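A.B. asks: okay, structure incoming, though there's no sequence with it:
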């Protein structure tokens, strides 16, 4: 019994030391696991996906804190922090959001999209110093390589207390005051809201190209997008009807027009092997995970055409774990190619 008490006391001490406090933070700080544990026990797949990575020990990075309030600054932890001969950072996580707006969304879909994307309850699950980037696959040009993020910023320390991240408000020995943290958080939130507004202004505009596969390929190779394997974890979040349509590959005939997708093996057989291999991303070690928010109301209202299964096979082949959830506001949306 004596040893059990000693081990219990030691565990409490270690957890208290890692959890941060209102005093000066000198060592690594981990998030309180309670909130994410409750989420894992529930059925919200999107929040479960976001929670992964919250357990990482993080150190205050004063260099990043100083630059966070700059609206143009989009780098996270450019140099690591060393503590007890161990390196923390420089890069923890990167959430890269691909919004496929080529089909044109109804107002109900925009509300769902924006709530998922910028809802504060979701953002607060992402760790401080993680990066969020957002690209709109607008379909107004043939080259995915031309697309640049409409938003790319590091989640700053906000000074906010009462969250699971003690790092958000812990004091430092430097000049990062609570007012400066609040200013950085305001800059971040303003820029994120502006990115959300850009989608609400699209109305029902449709684009010609839906280059999902090409954009994933570009993510793995285009250095300026800052999605390399030097991040401890990477996550791709895709909001899309998954109806890939480009010069390289189109699912329009085989999925939308026929109302039932061909098998993944049959799809591959339609393409030259060199072309197929050339479309694959090159994420190397530490590949990202993918979450698809499936806007299925226009083409796959009854979830019976096999489009999700086709994409699951694609991600399985390239070694990426895919999770997904579905849009539910179909009552006022007419499916394409079907009589209402």
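C.D. replies: Structure received. This is a predicted model, so every value here is computed, not measured.
A.B. asks: which stretches of the stretch 201-340 of the chain form helices?
C.D. replies: Using DSSP state H, counting those that start in this stretch, the helices assigned to the stretch 201-340 of the chain run over residues 212-221, 264-269, 273-279, 307-317.
A.B. asks: and the angle from the last one to helix 212-221?
C.D. replies: Just to be clear, that refers to helix 307-317. 30 degrees (axes from the mean of the first three to the mean of the last three CA atoms, to 10 degrees).
A.B. asks: could you list every helix and strand in contact with helix 307-317?
C.D. replies: For helix 307-317, the elements it packs on are helix 264-269, strand 289-294, strand 322-326, judged by 3 or more CB pairs under 8 Å, 6 or more residues apart in numbering; DSSP states H and E. From N, CA and C alone the C-beta is placed, and that goes for glycine too.
A.B. asks: would you point to the one among the helices of the stretch 201-340 of the chain that's packed deepest?
C.D. replies: Mean neighbour count (mean count of other CB atoms under 10 Å) peaks for helix 212-221 among these, with a mean of 21.
A.B. asks: what's in contact with that helix?
C.D. replies: Identification of contacts with helix 212-221 by CB atoms under 8 Å, 6 or more residues apart in numbering yields 96, 98, 100, 135, 137, 144-145, 147, 225, 227, 236, 238, 240, 242, 244, 246, 248-249, 279-283, 314.
A.B. asks: average pLDDT for that helix?
C.D. replies: Throughout helix 212-221, pLDDT has a mean value of 91.
A.B. asks: buried ones in stretch 52-62?
C.D. replies: Judged by neighbour count using 16 or more other CB atoms under 10 Å, the buried positions of stretch 52-62 are 52, 53, 54, 56, 58, 59, 60, 61.
A.B. asks: low-confidence regions, the stretch 51-200 of the chain specifically.
C.D. replies: Within the stretch 51-200 of the chain, the stretches with pLDDT under 70 are 104-111, 139-145, 173-175, 200.
A.B. asks: what about the strands in it?
C.D. replies: Taking DSSP state E, counting those that start in this stretch, the strands of the stretch 51-200 of the chain run over residues 81-83, 86-88, 93-100, 131-137, 151-154.
A.B. asks: out of the ones you listed, which gets nearest to residue 66?
C.D. replies: Of all the strands of the stretch 51-200 of the chain, strand 151-154 sits nearest to residue 66, with 12.1 Å by CB to CB.
A.B. asks: can you pull up the most central residue in the chain?
C.D. replies: Centroid-nearest residue in the chain: residue 95, 3.2 Å away (criterion: CA atoms, centre = their mean).
A.B. asks: what pairs with it across the strands?
C.D. replies: Beta-bridge partners recorded for residue 95 (DSSP bridges): residue 132, residue 235.
A.B. asks: state which helix of the chain is the longest.
C.D. replies: helix 178-200 (DSSP state H).
A.B. asks: for burial, what's the neighbour tally of the residue nearest to residue 179 when sequence neighbours are not counted?
C.D. replies: Nearest residue to residue 179, sequence neighbours excluded (CB to CB, 6 or more residues apart in numbering): residue 159, at 7.7 Å. The local packing of residue 159 (other CB atoms under 10 Å) involves 19 other residues.
A.B. asks: what does residue 233 give?
C.D. replies: 17.
A.B. asks: can you list contacts of the helix or strand containing residue 37?
C.D. replies: Secondary structure from DSSP states H and E places residue 37 in helix 34-40. Contacts to helix 34-40, defined as CB under 8 Å, 6+ apart, come from residues 47, 48, 51, 54, 55, 125, 164.
A.B. asks: check the offset of stretch 251-261 from the chain's centre.
C.D. replies: Relative to the chain's own centre, stretch 251-261 is displaced by 28 Å; criterion: CA atoms, centre = their mean, to the nearest Å.
A.B. asks: out of the helices and strands packed on helix 307-317, nearest to residue 130?
C.D. replies: Of all the helices and strands packed on helix 307-317, strand 289-294 sits nearest to residue 130, with 13.9 Å by CB to CB.
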